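# below: sequence and its predicted model.
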Amino acid sequence: MPRNNVYATLLLPAALLMGCSMDMQMPSMDSLWPSFLDKEPKISGPKAVKIRPSKGEKANQPLVSVGSPPTLNSTNFIPPNITPGQQTGTFVGQKVRMLRSELKRMQSEITRQNNSLQQIRGQTKSNAQLYHKSIGSINSRLQVGSTPGNPFLVRQWNIGQQQLSKIDGDIGKMNSLANAVSGSSTMSSYLLETTRAAYGITGAVEEDHRQLAILEDEVNRTVVLIDRLLNELSEDIARQSAYVSNERSNLTTLSLAIKNGELLGSSLANRAYAPRNNSSMNNRLDPVSNRSPLVVIRFDRPNIQYKQALYTAVNQALKRRPDAGFDIVAVTAAQGSSARITVESNKAKRNAEAVLRSLSEMGLPLDRVRLSSKTSRSARSNEVHVFVR
């Protein structure tokens, strides 16, 4: 990144930070351009200092996929043994025998469901390992520097995306299994109620009630086992769903890093845990008065490399205040004739739109960003200012 082109405020106000990720359509650019003319933003507070150019290997940023995938539960759900009973020759004895047969059938179904669960868990772990292997290979290459759009990294990215899709498919299998276990849970509750109701049937002998008590205990333990199985499935599904969602955001950011040939960091969407106050989004007043810009990008030469510095500054802002919004201001140098200023204004707006697209690719939700434009008599070239709101 050329020197004297990208500036960022390193000391931010104590209330800055983080955004949430969702897929959004790019709004119409014409509707995003209120114009604020002549008045310069008043620079106050922390001093703006230069961010020096930094390559991927020097960028002290987290890898796109940090750590390991969420740990799956590991319980092996084995139904309790069923105690055999003796025939008493009574109607209640026949009822107990029928209930015991229903319990055996239900436990066989639970055993099949448990086997399916263990198989899915094994597949998910294998797919996650292959996914992180592909992403780790990309991260390692980007950390030491790479060429923009490296085809090897593109192939690895495609493999990673395929593996993440397989993990998503495993979540679908877990959901189907959870539905089946819910059916078993309903059946087990019904069987427990029927067993308890059998105590009220007349014509029973003491042996019938003794066997009913044993059967009730075994049914009750089976009910608890099924509830635990369902709870662990729900936990696994929730964790894996959140994991896949975050990794999809990271893959989007990683694709931008591959395109640029340098590592940025994890998606800004992964910091999206604080609710956004949308009332401030409706404020159409001048968004830049009396505020120091977070980032100043000077477009005084072709191919300004600003994305690493932009990511670092916005990422730090979101660490300090997760619900922060951002204003992107296209600054036109008010030099030359009116026609020239008009041409330069269009260029400045296109530069601001490029910055907006970069933030979107980094995972920042577009509902947190506003575009505006202004002219400046002191600017020597077109600039883009980014402010924290």
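Yes, it's here. Numbering: from 1, shown residues only.

# all helices of the chain, in order?
Applying DSSP state H to the chain gives helices spanning 91-143, 151-197, 206-260, 307-320, 338-361.

# give me the angle between the fourth one and helix 206-260.
The directions of helix 307-320 and helix 206-260 differ by 140 degrees, with axes from the mean of the first three to the mean of the last three C-alpha atoms, to 10 degrees as the criterion.

# C-alpha coordinates for helix 307-320, PDB please?
Written as PDB, here are the backbone C-alpha positions of helix 307-320 (Å, rounded to 0.1, in the frame of the first residue of the first chain):
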ATOM      1  CA  LYS A 307      -8.500  -2.900   2.300                       C
ATOM      2  CA  GLN A 308      -6.200  -4.200   4.900                       C
ATOM      3  CA  ALA A 309      -6.100  -0.800   6.700                       C
ATOM      4  CA  LEU A 310      -9.800  -0.400   6.300                       C
ATOM      5  CA  TYR A 311     -10.500  -3.900   7.800                       C
ATOM      6  CA  THR A 312      -8.200  -3.300  10.700                       C
ATOM      7  CA  ALA A 313      -9.700   0.100  11.600                       C
ATOM      8  CA  VAL A 314     -13.300  -1.100  11.300                       C
ATOM      9  CA  ASN A 315     -12.500  -4.300  13.200                       C
ATOM     10  CA  GLN A 316     -11.000  -2.400  16.100                       C
ATOM     11  CA  ALA A 317     -14.000  -0.100  16.100                       C
ATOM     12  CA  LEU A 318     -16.400  -3.000  16.400                       C
ATOM     13  CA  LYS A 319     -14.400  -4.500  19.200                       C
ATOM     14  CA  ARG A 320     -15.100  -1.400  21.200                       C
END
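
# just want the most central residue of this protein.
The chain has residue 246 as the residue nearest its centroid, 2.4 Å off, counting by C-alpha atoms, centre = their mean.

# residue 253 is in contact with that one, correct?
No: using C-beta atoms under 8 Å, residue 246 is not in contact with residue 253, being 10.8 Å away. Glycine gets a C-beta too; all of them are placed from N, C-alpha and C.

# let me know the pLDDT of residue 148.
For residue 148, the pLDDT comes out at 85.

# that one and residue 258: what is the separation?
8 Å (C-beta to C-beta, to the nearest Å).

# out of those two, which sits in the more crowded spot?
The neighbour comparison of residue 148 against residue 258 (other C-beta atoms under 10 Å) goes to residue 258, with 23 against 11.

# show me the contacts for the more buried one.
138, 142, 146, 149, 150, 153, 154, 157 (C-beta atoms under 8 Å, 6 or more residues apart in numbering).

# for the residue nearest to the second one when sequence neighbours are not counted, phi and psi?
Think residue 142. Ranked by C-beta to C-beta, 6 or more residues apart in numbering and with sequence neighbours excluded, the top spatial neighbour of residue 142 is residue 263, at 4.0 Å. For residue 263, the backbone dihedrals (degrees, to the nearest 10) come out as phi -80, psi 130.

# lovely, talk soon.
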